[in-house]
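Asker: Need coordinates for the following:
(4 chains)
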Number of protein chains: 2
Amino acid sequence: MDVFQAVADPVRRSMVERLADRGEATAGELSELAAERFGIRQPTASKHLKVLREAGVVTSSVDAQRRVYRLEPGPLDDLAGWAARQTRFWTGRLDALERHLDSEGDTP
Amino acid sequence: MDVFQAVADPVRRSMVERLADRGEATAGELSELAAERFGIRQPTASKHLKVLREAGVVTSSVDAQRRVYRLEPGPLDDLAGWAARQTRFWTGRLDALERHLDSEGDTP
DNA sequence: CAGCTATATAGCTGTGTGGCAAAGTATGGC
DNA sequence: GCCATACTTTGCCACACAGCTATATAGCTG
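Answerer: So this is what the prediction gives:
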């Protein structure tokens, strides 16, 4: 699954936000957060973490029985870059459009 | 459907990119593009346009029998902003983290 | 080693969403 | 007025995905 799909889910976005705000967290902490905010069970949260992992949005390392998750900036930067590029092109271009229409000479 | 879900689909992303690159387009043009790239039929493309419309990513106006679609920067800016915020927080903070760990004084 | 804690996996189910063909709604042209 | 054009809507099916419970795996702890 790609980054776009990964962050399409509010539960996963909430996990990402938690990691962005306060740094790394264990699977348990993230699961508990999801439980509070969305009322989901631990295995469901674990599944969401798997999706984020496979999209490269987070990485995990093993600390005894704990898995520590942290944010991986790459994919999110790609996402931000894509979205920004889409708007930078035509935002503030209304004038350019009008010039274009003028040069076309047809106002139906 | 929100912006995140709206751009989660590659067909819809392709439509957005087309509008970002070369400005407004008719439903027919966007449908044809989707047909070429993804092999989908016209009603399916129309459905995708509806999703983009309802997410506020595009707006449409009527020109005779044609519907002209254009990009609405707002939602995409929100998306870009969100994604950027998630990474700006901890990117380039590895040093900050190390400083934090130093000030904690515990290296287990 | 027994048992507790932490997390992942397996297997099942309901619902949302993407795909299609067919029908409906406007509008322009003959 | 009627047909063609340009879309959208409707109704259908299939499949992906989020949710759950139950179970497996792994590592501490007594």
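
Asker: and chain A, which of its residues are near chain B?
Answerer: Contact residues (C-beta under 8 Å from any C-beta of the partner chain) of chain A with chain B: A:4-5, A:7-8, A:13, A:16-17, A:19-21, A:23, A:70-71, A:73, A:76-77, A:79-80, A:83-87, A:89-91, A:93, A:97. In this view, the C-beta of every residue, glycine as well, is placed from N, C-alpha and C.

Asker: now those residues: which count as buried?
Answerer: Among the residues of chain A next to chain B, those buried by neighbour count (16 or more other C-beta atoms under 10 Å in any protein chain shown) are A:4-5, A:7-8, A:13, A:16-17, A:19-20, A:71, A:73, A:76-77, A:79-80, A:83-84, A:86-87, A:89-91.

Asker: what's the residue nearest to A:A20 when sequence neighbours are not counted in contact with, if anything?
Answerer: Closest residue in space to A:A20, ignoring its immediate chain neighbours: B:Q86 at 4.1 Å, by C-beta to C-beta, 6 or more residues apart in numbering or on different chains. The neighbourhood of B:Q86, defined by C-beta atoms under 8 Å, 6 or more residues apart in numbering or on different chains, consists of A:16-17, A:20, A:71, A:76.

Asker: got it, and A:R70?
Answerer: Neighbouring residues of A:R70 by C-beta under 8 Å, 6+ apart: A:19, A:23-24, A:58-61, B:90.

Asker: what helix or strand is it on?
Answerer: Using DSSP states H and E, A:R70 maps to strand A:66-71.

Asker: again, but for A:S61
Answerer: strand A:58-63.

Asker: does any bit of that strand sit next to DNA strand C?
Answerer: Yes. Strand A:58-63 lies within reach of DNA strand C by C-beta under 7 Å from any atom of the strand, at A:S60.

Asker: which residues are contacting that strand?
Answerer: A:15-16, A:19, A:26-27, A:49, A:52-53, A:67-72.

Asker: and if you look at stretch A:35-51?
Answerer: By C-beta under 8 Å, 6+ apart, stretch A:35-51 touches A:1, A:6, A:9-12, A:14-15, A:27, A:30-31, A:34, A:58, A:60, A:69.

Asker: That one: end-to-end distance?
Answerer: 17 Å (C-alpha to C-alpha, to the nearest Å).

Asker: Quick one: neighbours of the residue in chain A positioned nearest to DNA strand C, just the number.
Answerer: The nearest approach of chain A to DNA strand C comes at A:G28, 2.2 Å away (C-beta to the nearest atom of the strand). Other residues within reach of A:G28 by the criterion other C-beta atoms under 10 Å in any protein chain shown amount to 14.

Asker: How far off centre is the helix ranked longest in chain A?
Answerer: The residue-count maximum for a helix in chain A (DSSP state H) belongs to helix A:73-90. For helix A:73-90, the distance from its own C-alpha centre to the chain's C-alpha centre is 11 Å (C-alpha atoms, centre = their mean, to the nearest Å).

Asker: Convert it to PDB, retaining C-alpha atoms only.
Answerer: These are the backbone C-alpha positions of helix A:73-90, laid out as PDB (Å, rounded to 0.1, in the frame of the first residue of the first chain):
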ATOM      1  CA  PRO A  73      10.000  11.400   7.000                       C
ATOM      2  CA  GLY A  74      10.600  10.300   3.400                       C
ATOM      3  CA  PRO A  75       7.100   9.100   2.300                       C
ATOM      4  CA  LEU A  76       5.400  12.000   4.100                       C
ATOM      5  CA  ASP A  77       7.700  14.400   2.400                       C
ATOM      6  CA  ASP A  78       6.800  12.900  -0.900                       C
ATOM      7  CA  LEU A  79       3.100  13.300  -0.100                       C
ATOM      8  CA  ALA A  80       3.600  16.900   1.000                       C
ATOM      9  CA  GLY A  81       5.600  17.600  -2.200                       C
ATOM     10  CA  TRP A  82       3.000  16.100  -4.500                       C
ATOM     11  CA  ALA A  83       0.200  18.000  -2.900                       C
ATOM     12  CA  ALA A  84       2.100  21.300  -2.900                       C
ATOM     13  CA  ARG A  85       3.100  20.900  -6.500                       C
ATOM     14  CA  GLN A  86      -0.500  20.500  -7.600                       C
ATOM     15  CA  THR A  87      -1.500  23.800  -6.100                       C
ATOM     16  CA  ARG A  88       1.600  25.800  -6.800                       C
ATOM     17  CA  PHE A  89       0.900  25.400 -10.500                       C
ATOM     18  CA  TRP A  90      -2.500  27.100 -10.800                       C
END
